[in-house]
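K.L.:
Turn this into a structure:
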Amino acid sequence: MAWRGKQLNDYPEYQRRLASGQVNPPQPTAALEGLALFNARGSTLVFLISIALVIVIVIGLFPHLRPVYETVTNGVADTDQVSIQTRDAPS
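P.N.:
Numbers count the residues shown, from 1 in each chain. Below is the predicted model:
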């Protein structure tokens, strides 16, 4: 978040509303503990895995994004690109 302008403590209108009870004073946030911390970590993990899956899918859809590799056989360099092929199901 971009902090622009004065802090709330410097605004007379905010101070007036705070004094009259129209606005509640800011409350400190409590640290996550126990189940809430476990759930937050799990949600973050699911989010990161989802990002990784989307990246893999995008790389699969657009061939020019796939990595290129080079192999050297008997002093001859050969460049190729990673291909995405499905294996045929055994019959």
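K.L.:
Please point out which parts of stretch 66-86 sit buried.
P.N.:
By neighbour count with 16 or more other CB atoms under 10 Å, stretch 66-86 contains no buried residues. Yep, even glycine has a C-beta here, placed from its N, CA and C like the rest.
K.L.:
Kindly report the same for stretch 40-53.
P.N.:
Of the residues in stretch 40-53, none is buried (16+ other CB under 10 Å).
K.L.:
Just after the helix of greatest length in the chain, pick out the following helix or strand.
P.N.:
When the chain is parsed with DSSP state H, its longest helix is helix 34-61. Next helix or strand after helix 34-61 toward the C-terminus (DSSP states H and E): strand 68-73.
K.L.:
Against which helices or strands is that next one packed?
P.N.:
strand 76-81 (3 or more CB pairs under 8 Å, 6 or more residues apart in numbering; DSSP states H and E).
K.L.:
could you check the angle strand 68-73 makes with the strand it packs on?
P.N.:
150 degrees (axes from the mean of the first three to the mean of the last three CA atoms, to 10 degrees).
K.L.:
Tell me the strands beside strand 76-81, with direction?
P.N.:
Counting by DSSP bridges, the strands paired with strand 76-81 are strand 68-73 (antiparallel).
K.L.:
Quick one: distance of the longest helix of the chain to the chain centre.
P.N.:
8 Å (CA atoms, centre = their mean, to the nearest Å).
K.L.:
Please apply the same query to stretch 15-33.
P.N.:
30 Å.
K.L.:
how about the chain, which residue sits the furthest from its center?
P.N.:
residue 74 (44.4 Å; CA atoms, centre = their mean).
K.L.:
Give me the distance between the residue most central in space within the chain and residue 60.
P.N.:
Residue closest to the mean C-alpha point of the chain, counted by CA atoms, centre = their mean, is residue 48 at 5.7 Å. Using CB to CB, to the nearest Å, we find residue 48 at a distance of 19 Å from residue 60.
K.L.:
Could you do residue 8 as well?
P.N.:
49 Å.
K.L.:
so is residue 27 in a helix, a strand, or just coil?
P.N.:
coil (DSSP: H, G, I helix; E, B strand; the rest coil).
K.L.:
What's the local residue count around it?
P.N.:
By other CB atoms under 10 Å, 6 other residues sit near residue 27.
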